[in-house]
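Visitor: The amino acid sequence is not available; the structure is as follows:
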C-alpha cells in the first residue's frame, strides 16, 4: 500500500463517489477507479459495492477506514505543526550587534519583523565587533552584526552595507556652511573619537595628520553618543552616515568628507549551522530598512 492509494480510498469513503473523490483530489474518475482496484488487490478483499448510483463500503472497508483516519489525524497534526512553525517561528531569535547598529536601524528592523512574527522572543546582545564575532562562532547568537571584521575563526561574513563617512559639526558651527569638508578643515578643532582599540577608530585616525588635529580626552564606544555630543557643541567628528540618517540628531549638520573613509557593516554567520528561518526573515527586514 502507498499514500496515493490510501488517499484515494479515504476520499471515496468520505464522498461515496469515485467522481466526487476525483474532483476532490484533482484527478480523473478512471484514475481513482484504477487506484482503488490496485488497493483491493493488495488488501485481498473488496472495498466497495455499487448500490444504485452510490458506492457502499464493505465491512472490511469500514474496518480499514478506522485505521486510515487515525493516520490522517496524525498528518493533520503535522500540517498544523508546520503551519505554526511557519507563522510563529521556533524559539528565541538571538542577535549580536555593535552599538551603532543597535541604536540606529535595529529598532526599525525589529518593527518590520514583528509584523510577521509578533510573538517571537528576541534577544539583542550588544558589544564590540570582536566580541560579537566570538558570540557568533560559539553559537550564542544566531547572527552577528559588526562594523569591522575582527580576526575570529569559525565564522563567515557577508557585507551588509558600505558607505562613505560624513563629518558632523554643530549646526551653528562655522564649518556648517561648507558643502564638503577636508581633513585639513578640522585642524585645531576639538575632535570626538570612538574608543581606542575600535577598528573603525583606527580607520578614521588614519585620515588625519596627528599633529594637526586637536583630539580631546573625549571618547565613547557609541556613535550615537558622539552625535549627541556634537549637537551639544562639544566638538566635531566623522561617523557612519547610517547612524545620522537613523537617529536624526538635533543640532547636527552632516557634511561629505574627504579623504573618503569607508564605513562598513557586516553580517556574521556560523558556517557549521544553517541560518534559522527566523534569522533569515530578520535579515530580510534589516536589508530593507538599510536600503
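Guide: Good, I have the coordinates. The shown structure was predicted, so the numbers you read here are calculated from the model rather than taken from an experiment.
Visitor: quick one: buried residues of stretch 260-273?
Guide: 261, 263, 264, 265, 266, 267, 268, 269, 270 (16 or more other Cβ atoms under 10 Å). All C-beta atoms are positioned from the backbone trio N, CA, C, and that covers glycine.
Visitor: Please measure how far the first residue of that stretch sits from its last one.
Guide: 37 Å (Cα to Cα, to the nearest Å).
Visitor: now swap in stretch 46-66 and tell me
Guide: End-to-end distance (Cα to Cα), stretch 46-66: 16 Å.
Visitor: ok, residues contacting that stretch?
Guide: 9, 10, 12, 13, 16, 17, 18, 36, 39, 40, 43, 45 (Cβ atoms under 8 Å, 6 or more residues apart in numbering).
Visitor: returning to what we had before: out of the buried residues of stretch 260-273, which are inside helices?
Guide: Among the buried residues of stretch 260-273, the subset assigned to helices under DSSP state H is empty.
Visitor: Spell out the residue ranges of the helices in the stretch 151-291 of the chain.
Guide: For the stretch 151-291 of the chain, the helices defined by DSSP state H, counting those that start in this stretch occupy 199-205, 223-231, 241-247, 277-290.
Visitor: now the ones you listed as JSON lines including mean neighbour count, mean pLDDT and distance to residue 103?
Guide: JSON lines is the format used below for the helices of the stretch 151-291 of the chain (neighbours: other Cβ atoms under 10 Å; pLDDT from 0 to 100; distance: least, Cβ to Cβ, whole Å):
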{"stretch": "helix 199-205", "mean neighbour count": "18", "mean pLDDT": "88", "distance to residue 103": "14"}
{"stretch": "helix 223-231", "mean neighbour count": "22", "mean pLDDT": "93", "distance to residue 103": "4"}
{"stretch": "helix 241-247", "mean neighbour count": "19", "mean pLDDT": "91", "distance to residue 103": "7"}
{"stretch": "helix 277-290", "mean neighbour count": "18", "mean pLDDT": "93", "distance to residue 103": "14"}
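Visitor: Including distance to residue 169, could these go into CSV?
Guide: CSV is the format used below for the helices of the stretch 151-291 of the chain (distance: least, Cβ to Cβ, whole Å):
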stretch, distance to residue 169
helix 199-205, 15
helix 223-231, 7
helix 241-247, 12
helix 277-290, 25
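Visitor: Which of those helices sits closest to residue 32?
Guide: Proximity to residue 32 (Cβ to Cβ) singles out helix 277-290 among the helices of the stretch 151-291 of the chain, at 36.9 Å.
Visitor: sorry, back to before: may I ask which of the contacts of stretch 46-66 has the most neighbours?
Guide: residue 12 (28 neighbours; other Cβ atoms under 10 Å).
Visitor: Tell me if that residue really is in a helix.
Guide: Yes: assessed with DSSP: H, G, I helix; E, B strand; the rest coil, residue 12 lies in a helix.
Visitor: ok, now how distant is it from residue 35?
Guide: Separation of residue 12 from residue 35 (Cβ to Cβ, to the nearest Å) stands at 9 Å.
Visitor: Can you identify each of the strands in this protein by residue range?
Guide: 48-51, 54-57, 93-97, 122-126, 143-146, 156-164, 166-170, 181-182, 190-194, 214-220, 237-239, 252-258, 262-269 (DSSP state E).
Visitor: Worst mean pLDDT among the ones you listed?
Guide: Here the strands of the chain differ in mean pLDDT, and the lowest is strand 214-220 at a mean of 73.
Visitor: circling back: for residue 281, find the nearest of the strands of the chain.
Guide: strand 93-97 (8.9 Å).
Visitor: so what's residue 289 closest to, chain neighbours aside?
Guide: Leaving aside its chain neighbours, residue 289 sits nearest to residue 108 (4.3 Å; criterion: Cβ to Cβ, 6 or more residues apart in numbering).
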